[in-house]
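> Sequence and predicted structure below; questions after.
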Amino acid sequence: MNNKKLPPLVPSNSLLFGSAKEFLNAPLNFITECQNKYGNTFRVKAGPKSIFIFSEPREIKSLFTLNDEVMVKERGPRIVLGETVLTSEGETWKRQRKYAQTYFTRDNINSLIPDMEKIIVKQLKDYSGKVDLHAFSVKIMYSLVIKVIYGMDEIKLLPDLSPLVDEMIDFVRSRPAQLIKWPLWLPLKSHKKFHKIKKQLFDHINEIIVESKKQNKTSFMSFMEKDPLATPEELVNEALTFFVASFETTANCLFWSLYLLSRNENIKNEIYKEASNSNLIIKTLKDLSNYKSINNVIKESMRLYPPAWFRSRLCAKDTQVGDYFVPKGTTVWASIYLVQRNKEFWTEPAVFKPNRFLDKNINRFAFIPFGGGKNTCIGKGMANLELAIILKELFKKIDITPVENKEVSVKAGITLAPKEKYYVNFSAREE
C-alpha cells in the first residue's frame with residue numbers, strides 16, 4: 001500500500017493511558033468535540049492501543065462491506081455473550097444466522113401482530129396520571145420480548161436485568177484501556193465482581209428458558225433449538241444476546257420517541273391524527289408504510305439516539321479505508337452517533353424534525369441505526385413493528401405531557417439510555 005496516511009491523532013495528557021479517561025467518562029461529548037476539532041475521521045489513544053473513529057458515510061460503507069478476513073469482530077463482547085450470532089465469525093456465524101433468520105421471516109412476524117396488539121392494549125390500561133416514562137417503556141417492551149423471543153404470554157417480572165447488563169458492558173469497555181489485561185481467572189476484586197454479575201445474568205436467562213419450555217410454544221428460542229450443533233451453553237448465550245438486542249435497545253428507542261413527542265406539540269398532534277384514522281390498520285409489516293408520521297418519528301428518534309451508537313471491528317490485515325491507511329491490529333469504530341448528527345449530511349442535525357425523512361435522497365450510510373452490510377440487525381422489521389404499534393395504540397386514546405419541561409441527558413452504555421428519570425402525565429384523550 002503506497003498511501004500510509006493516518007487520521008489525525010487527538011492529543012492527550014497521559015503517555016500511558018492516552019485519552020482513555022475522557023473516552024470512558026463522557027464518550028459522546030468527547031467524540032463530538034474531537035469531530036468538531038479534527039474532522040470526520042480521527043484516532044484516539046486509549047491505553048496501549050489506538051482507536052480509529054470514522055463518521056463519514058463513504059468510509060462507513062467501506063467498513064461495513066470489507067470481508068471478514070480484513071475486519072473481524074472484537075473479542076470483548078464474547079466475554080459477556082460467548083459465541084452468538086452477534087459475536088461469532090465464519091461458519092459458526094453462518095450457522096447461527098441461518099437458524100435465526102428462519103424465525104424473522106415476514107410471515108412469522110405478521111402472525112405475531114394480533115398478540116402484540118393484545119399485550120400493548122392490556123399494558124396501557126395500567127397507566128394513568130404521573131408516569132415514569134423509562135419504567136413504562138421498559139415494562140411494555142419486556143412483555144413484548146417475552147412473547148416474541150420466548151413465546152410466553154405471562155411471566156412473573158424478573159429483577160431488572162438492565163443494571164447487570166450495563167455493569168458487564170462497562171467492564172468490557174474498560175479492558176482496552178488497561179495496560180495489562182490480567183486473565184479473568186485471577187482472583188482480582190474486579191474479576192470477582194464480573195463473575196458474580198455474569199452468574200446472576202445467566203441464572204435469570206436460564207429461568208426464562210426453563211419457563212418457556214414448560215409452556216411449549218413457538219418462539220425464537222424454539223427455532224434456535226432446532227440447530228443440531230447448538231450446545232446448551234450456546235442457546236443460553238443466544239437467549240441473552242437477543243434479550244439485550246430486542247429489549248434494551250427497543251425500550252430506549254420507545255423512551256426517546258415519547259420523550260421527544262412530549263416536548264413537541266405540533267408533531268405530537270400529527271401522530272394523534274394518524275393513530276386515530278380508522279382507515280389505517282396494521283395487519284402486516286407492509287401496512288407500516290401507511291403510517292408515515294409514526295414511521296418518521298421512529299426514524300428521527302433513532303437518528304438522534306441510535307440504539308447501537310457505534311460498531312467496533314478489529315483490523316486483521318493492513319488495509320485502506322477511504323483516504324486513510326489502517327494498520328493491522330487497529331480497533332476501528334463506525335460512529336453511528338456522529339454520522340447521524342453530522343451537519344454535512346443533515347440540516348439542523350440536533351433538532352427533532354421527523355419530516356426530514358420525507359426526502360428520499362438521504363445518504364444510505366448517513367442513517368444506519370441498524371448497522372449495514374451482512375451484519376445488519378436481523379430484528380429490524382420486528383423492532384419497527386413493535387414501536388409503531390405502541391405509538392398507534394397509545395396515541396389513539398392517551399395524551400402525554402411532561403410533568404416538568406426539562407432536558408434529559410444521555411448515558412452511553414450498551415445503548416443510549418436516559419441518565420435521569422423523566423415523568424409525564426398520561427391523560428385520556430378527548431374524543
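Looks like it came in fine.
> neighbours around residue 299, how many?
Neighbour count of residue 299, defined by other Cβ atoms under 10 Å: 18. Glycine gets a C-beta too; all of them are placed from N, C-alpha and C.
> Setting the sequence-adjacent residues aside, check what's closest to it.
Nearest residue to residue 299, sequence neighbours excluded (Cβ to Cβ, 6 or more residues apart in numbering): residue 357, at 4.9 Å.
> gap between that neighbour and residue 217?
36 Å (Cβ to Cβ, to the nearest Å).
> between those two, which one's more packed in?
More neighbours surround residue 357 than the other of residue 357 and residue 217, with 17 against 14 (other Cβ under 10 Å).
> Just confirm the more buried one contacts residue 300, I think it does.
Yes - taking contacts as Cβ atoms under 8 Å, residue 357 lies within contact range of residue 300: 6.6 Å.
> The worst-scoring helix or strand of the chain on mean pLDDT: what's the following helix or strand?
Within the chain, no helix or strand scores below helix 162-174, which has a mean of 68 by mean pLDDT, DSSP states H and E. Following helix 162-174 in sequence order, the next helix or strand is helix 189-215 (DSSP states H and E).
> Which strands or helices does that next one pack on?
helix 133-150, helix 162-174, helix 220-224, helix 232-243 (3 or more Cβ pairs under 8 Å, 6 or more residues apart in numbering; DSSP states H and E).
> at 7 Å what do you get?
helix 162-174, helix 232-243 (3 or more Cβ pairs under 7 Å, 6 or more residues apart in numbering; DSSP states H and E).
> in it, what's buried?
Using 16 or more other Cβ atoms under 10 Å as the burial criterion, the residues of helix 189-215 that qualify are 194, 197-198, 201-202, 204-205, 208-209, 211-212.
> List the residues that contact residue 277.
With Cβ atoms under 7 Å, 6 or more residues apart in numbering as the criterion, no residue contacts residue 277.
> Residue 271 versus that one, what's the distance?
From residue 277 to residue 271 the distance is 11 Å (Cβ to Cβ).
> where are the low-confidence patches of the chain?
Along the chain, the model assigns pLDDT under 70 to residues 1-2, 80, 153-162, 165-166, 169-170, 172-181, 431.
> Not counting sequence-adjacent ones, nearest residue to residue 411?
That would be residue 419: by Cβ to Cβ, 6+ apart, it lies 4.4 Å from residue 411.
> Ok, residue 30 next?
residue 22 (4.8 Å).
> can you tell me how far the one you found sits from residue 342?
21 Å.
> Which of those two has more residues huddled nearby?
residue 22 (21 against 18).
> Where does the more buried one sit, in terms of helix or strand?
helix 20-25.
> and if you look at residue 313?
strand 311-315.
> list the contacts for residue 227?
Counting by Cβ under 7 Å, 6+ apart, residue 227 touches 95, 99.
> Mind jotting down where the strands sit in the stretch 201-350 of the chain?
Here the stretch 201-350 of the chain has its strands, by DSSP state E, counting those that start in this stretch, at 311-315, 319-321, 324-326, 331-334.
> among those, which is the most enclosed?
strand 331-334 (a mean of 24; mean count of other Cβ atoms under 10 Å).
> Any idea how far that strand is from the middle of the chain?
17 Å (Cα atoms, centre = their mean, to the nearest Å).
> for stretch 364-380, same thing?
11 Å.
> Give me the buried positions along it.
For stretch 364-380, using 16+ other Cβ under 10 Å, the buried residues are 365-372, 375, 377-379.
> Ok, stretch 29-37 next?
Those would be 30-32, 34-35, for stretch 29-37 by 16+ other Cβ under 10 Å.
> outside of that stretch, which residues touch it?
Contacts of stretch 29-37 (Cβ under 7 Å, 6+ apart): 10, 22-23, 42, 44, 53, 55, 335, 338.
> Need the strands of the stretch 201-350 of the chain in TSV (columns: distance to residue 281).
Converted to TSV, the strands of the stretch 201-350 of the chain look like this (distance: least, Cβ to Cβ, whole Å):
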stretch	distance to residue 281
strand 311-315	36
strand 319-321	45
strand 324-326	49
strand 331-334	37
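> Residue 284: which of these is closest?
Closest approach to residue 284 among the strands of the stretch 201-350 of the chain is made by strand 311-315 (30.2 Å; Cβ to Cβ).
> Can I get that closest one in CSV? Just the C-alpha atoms.
Extracted C-alpha coordinates of strand 311-315, given in CSV (Å, rounded to 0.1, in the frame of the first residue of the first chain):
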residue,chain,number,x,y,z
ARG,A,311,-19.9,-0.5,15.6
SER,A,312,-16.5,-1.8,16.5
ARG,A,313,-14.2,-4.0,14.5
LEU,A,314,-10.5,-5.2,14.7
CYS,A,315,-8.4,-4.7,11.6
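> Show me what it is packed against.
Using 3+ Cβ pairs under 7 Å, 6+ apart, strand 311-315 sits against strand 71-72, strand 331-334.
> quick one: contacts for residue 415?
248-249, 252, 307-308.
> Try it again at 8 Å.
Counting by Cβ atoms under 8 Å, 6 or more residues apart in numbering, residue 415 touches 248-249, 252, 307-309.
> Also residue 66?
Contacts of residue 66 (Cβ under 8 Å, 6+ apart): 319, 321.
> Show me the beta-bridge partners of residue 49.
Judged by DSSP bridges, the bridge partners of residue 49 are residue 46.
> so it touches residue 331, yeah?
Yes - with contacts counted by Cβ under 8 Å, residue 49 reaches residue 331, the gap being 6.1 Å.
> on that earlier part again, how much space separates the residue nearest to residue 411 from residue 304?
To residue 304, residue 419 is 15 Å away according to Cβ to Cβ.
> which one of the two has more residues nearby?
residue 304 (20 against 11).
> Touching, that one and residue 256? I think so.
Yes - contact criterion Cβ under 8 Å: residue 304 and residue 256 qualify, at 6.9 Å.
> List the buried residues of stretch 335-344.
335-342.
> which two in those residues are spaced the farthest apart?
The widest separation within the buried residues of stretch 335-344 (Cβ to Cβ) is 10.8 Å, between 336 and 342.
> can the buried residues of stretch 335-344 go into JSON lines with extra columns for distance to residue 388?
Shown next, in JSON lines, are the buried residues of stretch 335-344 (distance: Cβ to Cβ, whole Å):
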{"residue": "335", "distance to residue 388": "27"}
{"residue": "336", "distance to residue 388": "21"}
{"residue": "337", "distance to residue 388": "23"}
{"residue": "338", "distance to residue 388": "27"}
{"residue": "339", "distance to residue 388": "24"}
{"residue": "340", "distance to residue 388": "20"}
{"residue": "341", "distance to residue 388": "24"}
{"residue": "342", "distance to residue 388": "27"}
